[in-house]
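Asks: have a look; sequence and predicted model below, questions after that.
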Amino acid sequence: MKGLAVMMLIAVFNKANADMYLQNPRGSNNRLDEAKRERNNGNRLFDSQNNNRGGYNVGSLYYYSGSNLQIEWTNQHSCGDQNNHCEIILQYMCGDWIRDGTTTSTIPDNPANCNNYDCNRDTRFGMQENYDYYIDCKLRQRNEGLFTADQNLKGDTARFTRQNPQGTRRGYECPEERDYYPYWHPDPWKDIAVLTNDPSRCEYYQSESFNVKPRYACVVPKAFIRANLNTRNNDAAIPTNQVDCENIVYPEDDPEGERGVWKMFPAHGIAAPICRENHWSRDNHLGNGINGQTNTFNWTVPEIQHERCAMRIRYNISTGEYEGWNDTDARYNAAGNNQASQLNIGERFGLNEQQADDRGYVFENNPEVEIFNDAGGNTDFQLRLAINTAQYGRTFQDRSHTFAIRQPPEDLEGVEIHNVNVRGKRGNIVQVYPATEYDFTPNNLQVEPGAYVHFQWTGSNTNPTNNDGQGLQGTDRSNVVPLTEQVYPEGSDLYYQPYSKFGHFGNNIPMHLDNASFLGFSRTDLENLAVLGNRQFRGEMSELDDAGTYFDLGPRKVTSTGHYQYMCTRNNNFSNRSQKGRIISRDEAIIYKSIGTTGGSVATTHSSIRFDAGDLNQLYDIRLEEWTPEVGEKIVQSYGREVNVGKHYESNFINLGPAGNLTKNGRTFSMQINLNDDSYDVLSVYYSDDDFRTWNEVDAELQNDKVTFEAQKGGVYIVRGNPNIGLIVGCVIAALVFILLIVGSVMYFRKNPDKWAGIRASCSASAKSVDGRV
């Protein structure tokens, strides 16, 4: 092919067997509503590469634009670890064509098999990418600069890749776009975030994203597509360069025929994706990440409005023995069928090319390697390696069912809305794996009074009927009821101070609503959360059986402070563990943000912190919170300590976590603290670690109503004031001088009354001279 575009490289190439499951929003893993543990059709919408038992049955939610949504997932192999190379890509798309469908069959690619010869509108079939997108992929020249190892691709269009050499179709997904990121051709997906083991690539990922960079593609006559659709036999018809595109004419023998157009497709026109390091997760473990929490990303839902959207998470993974990013491309592909790749594996083991070939150190499927020159007299002792070059650098993915993004009502515009949903499905841990048992998400939420919490969840009525659980077999149901108060002493109350605690996680009994306090919600809201009353009128509701799978309370304003523990009464037996959550409402701002080597900033009302690129040498979950002087004083006293520096509080307490050294090699980050009021004191910034044993002064600069300084540690910072002795002395002297002048003047004029009379006469004459003048 002439004029091949710039060669694109996959980020990872080595072997991996791994899975990726989206837990919130509910990932489908190609399920629809199957009443069994395995999905019916792994090719329904997309190529997940996941286990057939993963995924949740269909159920849809809506989210208000600008609201906060916690995305959760589990990935089988590690990220943020030296054992492999890992990239996680979060994306979404919205379109009128997107639908869940009513059958588990794959949508046809022959319109004759669709209603009214229109697959885009045949609502029986689920669809995310549309028919036209796939047909373009099916006819378009693949990128011939890519590494395909020794795989024998059965065609030369974008359907055929190293990971999919047979060109197997899954929905209307384009295999080449699925396998590579960032993709060089227009596609409908919008980037949310790129989480990588190598943040040095972030600038590349962000600048190449279709969010900000336009794409070029060849647009050919529709008659040309129809003519080539069933006659090309896996040969490309649509070129990927301008010269060949503009040489297309149809009909071919018609000088006035319609020509191909090399067209620019504008970027999505939204911000580049967030890019940072991955959080750490362990190998061979489809469960929680570090600190026993799920791997998450907090997404601010975009300011759009659409009823049909979908989310995708991709997991590009390889083991760590080989760096495929820099030196793996089409030059190393096999020279022909049944030949090994030309990738030089032997040199990594100190072997020359001939030695590597003789001993089987070649990059091909299932090589037999001679690891000993002489194994007990056996000169032909070999070990066979279970290697599949189609899986060296493997992409896994999951996608959500459809969801809606809506504009909030006028009275909710500009307010902070936190989505609280339910993840998991009916069954015990073995029956639901690799999905999860029931849990609220997030199950630990921190808000300020004035923010809104949006309780909303969905589920299925077609879970396997023999899965463990309470209530009607096969059904998902949830509710929210405040937990009863603590009964037995347990640990210290320091965690909760200075606020009250409502309910206790150690209990499994709900509080009677007559005695319950929950975020300041009304009694009606508490009843609706408990018995789903705004969605269900009466019926048998002891185990919520007569309710539907969907519940929506709508956003509710938080009007009180405290630590509120709550539970679900239905999913609370031993087999299903306990479905509980906590919401903490505090007057003081608290902000969480993951920041790594690429830098970032975080701010509250009275403080801000900026990390430049390179200030941090790893990913930190930064926590920035404020305490008023009164609250901060109580917290310090609860540790048996005191603030023994300065005389007056000139700012709020600023608590930066995690505590301790955040930077290395002498690097610093910038902090700013706003003063609470104007002050004439001598101001100083002090730092203490999180147990308040000592307070150390920090060099700072006063700029109007704020102080700025450089720091290296997480901990507690405060601006304190000491009386300005110099100013006080100066004011006292000035006052004394003024008093002396007054006293001296009085005494002088008493001794010289004629002088005082002369001054009075002079003033009277001056007044008459200006009398009547304008």
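Replies: Sure thing, it's come through. Residues are numbered from 1 along each chain as shown.

Asks: what helix or strand is the spatially closest residue to residue 581 that is not a sequence neighbour on?
Replies: In this structure, residue 581 finds its nearest non-sequential neighbour in residue 440, 3.8 Å apart by CB to CB, 6 or more residues apart in numbering. The C-beta positions use only the backbone N, C-alpha and C, and glycine is treated the same way. Using DSSP states H and E, residue 440 sits in strand 439-441.

Asks: just checking, what packs against that strand?
Replies: When contacts are defined as 3 or more CB pairs under 8 Å, 6 or more residues apart in numbering; DSSP states H and E, strand 439-441 sits against strand 417-423, strand 580-585.

Asks: other SSEs contacting the shortest one?
Replies: Spelled out, it's strand 580-585. Looks like strand 580-585 contacts strand 439-441, strand 444-447, strand 562-567 (3+ CB pairs under 8 Å, 6+ apart).

Asks: that strand vs strand 417-423, what angle?
Replies: Interaxial angle of strand 580-585 relative to strand 417-423 (axes from the mean of the first three to the mean of the last three CA atoms, to 10 degrees): 170 degrees.

Asks: does residue 382 touch residue 369 like I think?
Replies: Yes - applying CB atoms under 8 Å, one finds residue 382 in contact with residue 369, separated by 6.2 Å.

Asks: shared neighbours, those two?
Replies: residue 360 (CB atoms under 8 Å, 6 or more residues apart in numbering).

Asks: so how far is residue 650 from the residue lying closest to residue 706 once chain neighbours are set aside?
Replies: Excluding its sequence neighbours, the residue lying closest to residue 706 (CB to CB, 6+ apart) is residue 674, at 4.7 Å. Look at residue 674 and residue 650: by CB to CB, to the nearest Å, they are 10 Å apart.

Asks: one more: residue 599?
Replies: 29 Å.

Asks: also residue 122?
Replies: Distance of residue 122 to residue 650, given as CB to CB: 68 Å.

Asks: who has more neighbours out of those two?
Replies: Set side by side, residue 122 and residue 650 show more neighbours around residue 650, with 23 against 19, by other CB atoms under 10 Å.

Asks: that one contacts residue 721, correct?
Replies: Yes - assessed by CB under 8 Å, residue 650 is found in contact with residue 721 at 4.6 Å.

Asks: what's the closest non-adjacent residue to the residue nearest in space to the middle of the chain?
Replies: The chain has residue 297 as the residue nearest its centroid, 2.5 Å off, counting by CA atoms, centre = their mean. Distances taken as CB to CB, 6+ apart put residue 71 closest to residue 297, at 4.7 Å, once the chain neighbours are dropped.

Asks: can you check residue 481 too?
Replies: Nearest one to residue 481, counting by CB to CB, 6+ apart, is residue 510 at 3.9 Å.

Asks: and that neighbour, how many neighbours does it have?
Replies: Neighbours of residue 510 using other CB under 10 Å come to 20.

Asks: so it bridges to which residues?
Replies: Beta-bridge pairing for residue 510 (DSSP bridges): residue 483.

Asks: state the distance from it to residue 499.
Replies: From residue 510 to residue 499 the distance is 21 Å (CB to CB).

Asks: again with residue 53
Replies: 43 Å.

Asks: so what's residue 39 up against?
Replies: 29, 30, 31, 52, 53, 54, 55, 104.

Asks: if we go to 6 Å?
Replies: 30, 31, 52 (CB atoms under 6 Å, 6 or more residues apart in numbering).

Asks: could you tell me whether it really is in a helix?
Replies: No - per DSSP: H, G, I helix; E, B strand; the rest coil, residue 39 lies outside any helix segment and is coil.
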